[in-house]
Structures are given as structure tokens and as C-alpha cells.
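J.: any chance you could fold what I've pasted below:
(one chain, ligands or ions: 1)
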Amino acid sequence: MLTLHQAGFTTTPSIAPLDGTLRPGELLAIVGPNGAGKSTLLSMLSGFRPCEQGELHLDGKPLDEWPITTLANRRALVAQQELPGFDWQTFELVSLGSNPCSALVVELLHDLDLTHLAKRSVLSLSGGERQRVMIARGVCQLLSRRSSTAKDGGLLLLDEPTSALDIGQQQRLMRQLRAWAERHCMAIVCVLHDLNLASTYADQVWLLHQGRRIAQGNPAQVLTPRRIEEIYQVNINHIAREDLSPPQFLLAP
Ligand SMILES: Nc1ncnc2c1ncn2[C@@H]1O[C@H](COP(=O)(O)OP(=O)(O)OP(=O)(O)O)[C@@H](O)[C@H]1O
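T.: The predicted structure follows:
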């Protein structure tokens, strides 16, 4: 479980102090305009940039007190447009940093529609294929290093994981994230620009603006038409469905 107690950054780029809890099995979407501080917040949640005020705990222990190798068993970060540094084959790259577990790699490649690319050089992959490989690698890190006594699947942090994906792959990935969250009791944080994906798949949404979280709650509470129009400076058509499905948004012409 991830808990924030007035955690933030005082130096630039700053993040105003925030509280929050992310439980095993939950999917949190962080949304907000360009430059709002989403990647900065993700670097704080991952421990790469330790918080400068307040406290951030993973499983009840301050994040900066975790030995780095133990932390790698419990949280994985897939950064924006991460590039492989070497000409690995897809299968090798997904296995990197994990305890050897071919069955798991085979399963993850299948889950992300990558089986046919297992022996391909990652440098030859398209942007969307490579993005899915990097996500598979992050999940493999968590699941292959999971101790037999761990009660949950750890914390997966993804920065714009759908940015290079076509709409079919976006839907497959988001469904797969939900499946991993449920099957492995994994807590997942996703930075997303697509508000419809956040609305459809997230349990909670944090809306950031100018380094400040201005709304949090379930998608219907946070993603209100008036708030979106104001923060993003857009005109939208809002689709609220009678069956209580999450709200969806269209850009007005
Ligand atoms: N090292 C830095 N020094 C000064 N400002 C920075 C630094 N790194 C980031 N910033 C600024 O901090 C703000 C937040 O950046 P961040 O990358 O977190 O935004 P973001 O919400 O992820 O944006 P995007 O949607 O464009 O990816 C931006 O205005 C950015 O220019």
C-alpha cells in the first residue's frame, strides 16, 4: 500500500503537499494538462526523486528507507518513451532485471500481443510495439521478484503508457492493467492524457494543475465537464449514460 502524508516538493518543479492512499488492486489515473507536474509526481511516487516535505510510505515504511534492491522487488517504473540501451531481443529485454522465469515472460508477451515479436531486435520495433515491451518488462520485474510471503503484487508506475498505442491496443492494455491489478493484487498508477480511458478504467483519479492536485476521487467525481473545460481550456460534449457507466467526453467542433 502506498500512503502520502502531505508529501510534496518545495523546489522547482514543485508539487504542493498531498495526502492519499493507493491500495493493492487499485488503479489510479493521474491526469492534467501539459506541464501540470504529472511526471514529476510519478518520480516522487517511485522514489527516484525523494519528497522534500511530508512523508511517503510504501507498505508502511518511508520510501527513502527501502534498500534499492528490495525496492526493485516491490515497485517498477516505466518512464515516458523509454528507449532500450542495447540491441536486445524482445524476450531478453522483458527478462532483464528479473529472476529467470521464462514461463512468466511467455505469459506477459502473450498478454501484450507481443508473442510474434519475441525474437525480434527491440531496435527494429515500432513505437507502439516498443512501448508494450517496456511495460511487459516493468511487470516482469515485479512479478518475477515477488517473494513467496508477499501479500500483493507491488506497485507499478506507468508514465503515459498509451501514448504510442492505436485504439485497439489502448483498450487491450487498459483491460490488461485491470486484470493484473485484480489477479495479482497489484497497485497501478498511470499518467494518462486520455480522459475517457481514465474515466473508464481507473478506480480513482487525481487531477493536477500547475503542480497542485485540484481534484481527487472516482472518475465521475473528478472529471466533471465544467472542470475539464476550465482546466484544459476546451469546449467539450459530455456523454453521461443512463446505465451509470463512467462519463465520456468528445471535443466539440
Ligand atoms: N529540471 C527542471 N527544471 C525546471 N523546471 C522543470 C524541470 N523539470 C520539469 N520542469 C517543469 O516542471 C513542470 C512539470 O513538468 P512535468 O514533466 O512533471 O509535467 P507533466 O504534467 O508530466 O507534462 P506533460 O503532460 O507535458 O508530460 C513543467 O512546466 C516542466 O517544464
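J.: Glu182 reaches Gly25, doesn't it?
T.: Yes: at 6.1 Å, Glu182 counts as touching Gly25 under the criterion of C-beta atoms under 8 Å. In this view, the C-beta of every residue, glycine as well, is placed from N, C-alpha and C.
J.: more neighbours, these two?
T.: Taking neighbours as other C-beta atoms under 10 Å, Glu182 and Gly25 compare with Gly25 leading, 18 against 12.
J.: show me where the chain has strands.
T.: 2-9, 15-22, 27-31, 53-58, 61-62, 75-78, 155-159, 187-191, 204-209, 212-217, 236-239, 248-251 (DSSP state E).
J.: and the helix or strand bottoming out on mean pLDDT in the chain, what does it pack against?
T.: Among the helices and strands of the chain, strand 236-239 carries the lowest confidence by mean pLDDT, DSSP states H and E, at a mean of 84. Applying 3 or more C-beta pairs under 8 Å, 6 or more residues apart in numbering; DSSP states H and E, one finds that strand 236-239 contacts helix 225-232, strand 248-251.
J.: out of these, nearest to the ligand?
T.: helix 225-232 (11.4 Å; C-beta to the nearest ligand atom).
J.: ok and the closest one relative to strand 27-31, angle-wise?
T.: Counting by axes from the mean of the first three to the mean of the last three C-alpha atoms, to 10 degrees, helix 225-232 points 50 degrees away from the direction of strand 27-31.
J.: which strands and helices sit next to helix 225-232?
T.: When contacts are defined as 3+ C-beta pairs under 8 Å, 6+ apart, helix 225-232 packs onto strand 204-209, strand 212-217, strand 236-239.
J.: before we move on, the earlier item: got CSV for the helices and strands packed on strand 236-239, with mean neighbour count too?
T.: CSV is the format used below for the helices and strands packed on strand 236-239 (neighbours: other C-beta atoms under 10 Å):
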stretch, mean neighbour count
helix 225-232, 15
strand 248-251, 14
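J.: worst mean pLDDT among these?
T.: Of all these, the minimum mean pLDDT falls on strand 248-251 (a mean of 88).
J.: residues in contact with that strand: which ones?
T.: 195-196, 199-200, 223, 225, 228, 234-239, 241 (C-beta atoms under 8 Å, 6 or more residues apart in numbering).
J.: likewise stretch 35-53?
T.: 2, 6-11, 13-15, 17, 30-32, 56, 58, 63-64, 66, 71, 75, 77, 79-80, 155, 157, 159, 189, 191, 206, 208-212.
J.: cool, and stretch 226-235?
T.: By C-beta under 8 Å, 6+ apart, stretch 226-235 touches 32-33, 195, 207, 209, 214-215, 236, 249, 251-252.
J.: returning to what we had before: distance to Phe48 for the helices and strands packed on strand 236-239 - can I get that in TSV?
T.: Below are the helices and strands packed on strand 236-239 laid out as TSV (distance: least, C-beta to C-beta, whole Å):
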stretch	distance to Phe48
helix 225-232	27
strand 248-251	32
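J.: quick check: which of these is nearest to Cys140?
T.: Of all those, the one in closest proximity to Cys140, counting by C-beta to C-beta, is strand 248-251 (32.7 Å).
J.: who does that closest one pair up with?
T.: Looking at strand 248-251 with DSSP bridges, its partner strands are strand 236-239 (antiparallel).
J.: which other residues reach the strand it pairs with?
T.: Applying C-beta under 8 Å, 6+ apart, the external contacts of strand 236-239 come out as 225, 228-229, 247-252.
J.: tally of neighbours for Gln204?
T.: Neighbour tally, Gln204, other C-beta under 10 Å: 21.
J.: was I right to think it contacts Glu26?
T.: Yes: judged on C-beta under 8 Å, Gln204 makes contact with Glu26 at a distance of 6.8 Å.
J.: pLDDT weak spots in the protein?
T.: Residue ranges of the chain with pLDDT under 70: 97, 241-244.
J.: for it, what lies in contact range of the ligand?
T.: With C-beta under 6 Å from any ligand atom as the criterion, the chain comes near the ligand at residues 12-13, 32, 34-40.
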